[in-house]
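Peer 1: Give me a 3D structure for the following:
(2 chains)
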2 protein chains.
Amino acid sequence: MNTANHTLASLETPAAVIDLPRMQHNIQRMQARMDALGVRFRPHAKTSKCSAVVQAQIDAGARGITVSTLKEAAHFFADGITDILYGVGMVSTKLPQALALRRQGCDLKIVTDSVTSAEAIVAFGAAHGESFEVWIEIDTDGHRSGIRPDEAALIDVARVLHEGGARLGGVMTHAGSSYDLDTPEALAAMAEQERAGCVMAAERLRAAGLPCAVVSVGSTPTALSATRLEGVTEVRAGVYVFFDLVMRNVGVCATQDVALSVLTTVIGHQADKGWAIVDAGWMAMSRDRGTQKQKCDFGYGQVCGIDGTVLPGYVLSGANQEHGIVSREGGESAPEPDIAARLPIGTVLRILPNHACATGAQFPEYHALAQDGTLAAWSRFHGW
Amino acid sequence: MNTANHTLASLETPAAVIDLPRMQHNIQRMQARMDALGVRFRPHAKTSKCSAVVQAQIDAGARGITVSTLKEAAHFFADGITDILYGVGMVSTKLPQALALRRQGCDLKIVTDSVTSAEAIVAFGAAHGESFEVWIEIDTDGHRSGIRPDEAALIDVARVLHEGGARLGGVMTHAGSSYDLDTPEALAAMAEQERAGCVMAAERLRAAGLPCAVVSVGSTPTALSATRLEGVTEVRAGVYVFFDLVMRNVGVCATQDVALSVLTTVIGHQADKGWAIVDAGWMAMSRDRGTQKQKCDFGYGQVCGIDGTVLPGYVLSGANQEHGIVSREGGESAPEPDIAARLPIGTVLRILPNHACATGAQFPEYHALAQDGTLAAWSRFHGW
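Peer 2: Below is the predicted model:
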């Protein structure tokens, strides 16, 4: 859809809106930090799945990208990006897709954390005359996948790859448990834990006579909390490009930095309950309730006016598939009596999401809102 | 994608799979029940957003459909379905789309629950020479939208519509709070509350000399729990077509009735924690945690073998965007020591979802699995 002549008020709702000045500020902030720390920056394209957003990250100085699916890899390779890390553990059934990308000229890197998968990679590579570049996934926080830095398996996996003809590119880790923290001290400690663990893994490989050029770490909270990155060659982060309410609660952005919002229209009220009903339900916001266990629970999102100004205390307190309930926090005990006058039918609002990666995924396109109020439609892809 | 020659084991994962015998059983069960109760059945297309699924519902005897977005209305009208209820409160900015559909021959019905919106509908209708068919939304359980059956506003809204030149088609309600129940007695009582409230609203309109031909009620739990539907002309339900773990906990289906699953591959392990890591994270399952507050919490889903057989006690206990964690329930205290032998890398599993409407929405297509093992790709649409 060409929205060149649209204004926010004329868009069909619900719609996903990107505040471009905020997005550019977020991109510049992260890139400047990485530059100051002396590391390359490889943003994670899974957050936006949008060519224009990723191009803005590259334009600001990013070097290569990370992807969470091979569909993302194919999409961004078609855009001309060749340096791509597929950050989810490779399994044998996905090797034909990875091979096809490499044969087309994509400098795709894959990851593994097991002897079983490493053996599958080298066997497939040998059968097809391809030397895959493989990075070993390191578990620095017990969050999900990876080999712990001190495990014997690290050397075993590396030897299978190196001796089997793969290119052992380096090590990578993601301290995803940083999302559970909310103090600068704890975040800085987790960033150091992530760094130290990944560097230790690299040093073990090198001490064993194995190559390990890349030491890749990152999550948005640790990237923005690290004070030293000795031994690290690159950092990855994704959600920082939009930020969201979870990141606001973690403490690495302000509410005013959140660049993604869902445009919605008030379609009714339950005045005795203090509810305004809007046309953004969980299909628009996603079911992500990431702020539920954090220090400030925003329900399904923080309510703002159409101009992006926060309406303090108003949250999307409930959601059905295509209905959302806007109410004042704590409104169960003291419903707002004049909600229908405060937010009349037809009022257009913007809702800041708990989790930008999940909310963005609900939409086929973003509406990118420039400082001057002009809008551009940016398509976003979906599925695998 | 033509998957005619594919088997489940050869599909790329994650993928959404429909078990066709189960789906057909669910469709037949609901239609037989509606036939026995003497009411028309209008399924909600929001669950599948898929032409082939909705056609199966029509073929079984459904009369018209319900939709949650005007995009659904346009899609299914293009398929040849004309009797369509748009079940979300109409707002003035959506009237041009509704008008366009009616002008193309779609017998679109719209709903409202306020004088403000009713006035907008009749004013827009008068300006464009269109008499919209409008149903009034009734609130029978305090769940979200609607006018309570005994409110004065009911007659006010009806008069605005009737006297303003709209066609007052009837009343409709959705007792969505039935999802919070889990005993046959409570469900039957809610079904009766839904019926009685909506019929009372209809009788008030008729007593005021206003037309009210349609009395439309429904949710999957109440539709399957009602024992009498006197005064009701039609029932609506959506999720029954696939069912899911939330409905299993509500008590209106068995686990073996759940027709939608997510096909996934084991990509790694954390053996000391008893975890198998799979390539279905929350992007595949959705973030819906609807069983969290129910009597049996399945995490992000119940794990089954590739043949659909439940693996008792194995759930998707955690999820990142493209990583899921499979573990035994209660596995935190007693991790399964041999998880890597039990579910080796490369094992293909199927995960039953908490909420079929939310999980289906994460996929651009379903893979429909027939009794004989053949697969068909059924596209599904996305967005607004």
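
Peer 1: Do a quick rundown of the helices in the stretch 51-200 of chain A.
Peer 2: A:51-59, A:70-78, A:95-103, A:115-128, A:153-163, A:184-207 (DSSP state H, counting those that start in this stretch).

Peer 1: which one of the ones you listed lies closest to chain B?
Peer 2: Each of those has some distance to chain B by Cβ to the nearest Cβ; the shortest is helix A:115-128, at 4.6 Å. C-beta: built from backbone N, CA, C; applies to glycine.

Peer 1: Run the contact check for the closest one versus chain B.
Peer 2: Yes: against chain B, helix A:115-128 shows contacts by Cβ under 8 Å from any Cβ of the partner chain at A:Thr116, A:Ser117, A:Ala120.

Peer 1: who touches that helix?
Peer 2: Here helix A:115-128 makes contact (Cβ atoms under 8 Å, 6 or more residues apart in numbering or on different chains) with A:89-92, A:95, A:99, A:110, A:112, A:130-132, A:134, A:153, A:156-157, A:160-161, A:164-166, B:267-268, B:344-346.

Peer 1: for it, what is the average pLDDT?
Peer 2: For helix A:115-128, mean pLDDT is 98.

Peer 1: Stretch A:266-280 now?
Peer 2: The pLDDT scores in stretch A:266-280 average 97.

Peer 1: Equivalent analysis for stretch A:167-186, please.
Peer 2: Stretch A:167-186 carries an average pLDDT of 98.

Peer 1: Flag every buried residue along that stretch.
Peer 2: Buried residues in stretch A:167-186, defined by neighbour count with 16 or more other Cβ atoms under 10 Å in any protein chain shown: A:167-179, A:181-182, A:186.

Peer 1: quick one: which of these is nearest to chain B?
Peer 2: The closest of the buried residues of stretch A:167-186, once distances to chain B are taken by Cβ to the nearest Cβ, is A:Gly176, at 6.4 Å.

Peer 1: wait, what's in contact with that closest one?
Peer 2: When contacts are counted by Cβ under 8 Å, 6+ apart, A:Gly176 touches A:Asp141, A:His143, A:Arg144, A:Ser219, B:Asn320.

Peer 1: what's the answer for A:Leu349, then?
Peer 2: A:Leu263, A:Thr264, A:Thr265, A:Val266, A:Val278, A:Val303, A:Cys304, A:Gly305, A:Ile306, A:Leu311, A:Val326, A:Leu343.

Peer 1: following the helix or strand where A:Ile267 lies, which helix or strand shows up next?
Peer 2: A:Ile267 belongs to strand A:260-270 when assigned by DSSP states H and E. For strand A:260-270, the following helix or strand on the C-terminal side (DSSP H and E) is strand A:275-278.

Peer 1: list the helices and strands that following strand packs on?
Peer 2: Other helices and strands packing on strand A:275-278, by 3 or more Cβ pairs under 8 Å, 6 or more residues apart in numbering or on different chains; DSSP states H and E, are strand A:260-270, strand A:324-328, helix A:339-342.

Peer 1: ok so, going back, and the buried ones among the contacts of helix A:115-128, selectable in PyMOL?
Peer 2: Selection of buried members from the contacts of helix A:115-128 for PyMOL, criterion 16+ other Cβ under 10 Å:
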select buried, (chain A and resi 89+90+91+92+95+99+110+112+130+132+134+157+160+161+164+166) or (chain B and resi 267+268+345)
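
Peer 1: Confirm for me that A:Met247 is in contact with A:Tyr240.
Peer 2: Yes: counting by Cβ atoms under 8 Å, A:Met247 does reach A:Tyr240; the two are 7.5 Å apart.

Peer 1: More neighbours: which of those two?
Peer 2: When neighbours are counted by other Cβ atoms under 10 Å in any protein chain shown, A:Met247 and A:Tyr240 differ, and A:Tyr240 comes out ahead with 29 against 26.

Peer 1: ok so that one is a strand residue?
Peer 2: No: according to DSSP: H, G, I helix; E, B strand; the rest coil, A:Tyr240 belongs to no strand; its state is helix.

Peer 1: Not counting sequence-adjacent ones, nearest residue to it?
Peer 2: Distances taken as Cβ to Cβ, 6 or more residues apart in numbering or on different chains place A:Thr220 nearest to A:Tyr240, at 4.4 Å, with adjacent residues excluded.

Peer 1: TSV please, covering the contacts of A:Gly176 and showing distance to A:Glu230 and pLDDT.
Peer 2: Output for these, formatted as TSV (distance: Cβ to Cβ, whole Å; pLDDT from 0 to 100):
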residue	distance to A:Glu230	pLDDT
A:Asp141	19	97
A:His143	23	93
A:Arg144	26	93
A:Ser219	19	98
B:Asn320	28	97
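
Peer 1: which one of those residues has the most neighbours?
Peer 2: Neighbour count (other Cβ under 10 Å) singles out A:Ser219 as the most crowded of those, with 30 neighbours.

Peer 1: ok, now which ones touch that residue?
Peer 2: Residues in contact with A:Ser219, defined by Cβ under 8 Å, 6+ apart, are A:His174, A:Ala175, A:Gly176, A:Ser178, A:Tyr179, A:Glu194, A:Arg236, A:Ala237.

Peer 1: farthest-separated two in the residues you listed?
Peer 2: A:Tyr179 and A:Arg236 (14.6 Å; Cβ to Cβ).

Peer 1: Quick check: the farthest pair among the buried residues of stretch A:167-186?
Peer 2: Farthest pair in the buried residues of stretch A:167-186 (Cβ to Cβ) is A:Arg167 and A:Asp182. Separation: 39.7 Å.

Peer 1: you'd agree A:Cys198 is up against A:Gly218?
Peer 2: No: assessed by Cβ under 8 Å, A:Cys198 is found out of contact with A:Gly218, at 9.5 Å.

Peer 1: Looking at these two, which is more packed in?
Peer 2: Between A:Cys198 and A:Gly218, counted using other Cβ under 10 Å, the more crowded position is A:Gly218 (32 against 29).

Peer 1: quick one: the residue nearest to the more buried one when sequence neighbours are not counted and A:Lys46, what's the gap?
Peer 2: Counting by Cβ to Cβ, 6+ apart, A:Arg236 is the residue found nearest to A:Gly218 once chain neighbours are left out, at 3.8 Å. Applying Cβ to Cβ, to the nearest Å, the value for A:Arg236 to A:Lys46 is 10 Å.

Peer 1: list the residues that contact both of these two?
Peer 2: Counting by Cβ under 8 Å, 6+ apart, the contacts common to A:Arg236 and A:Lys46 are A:Thr66.
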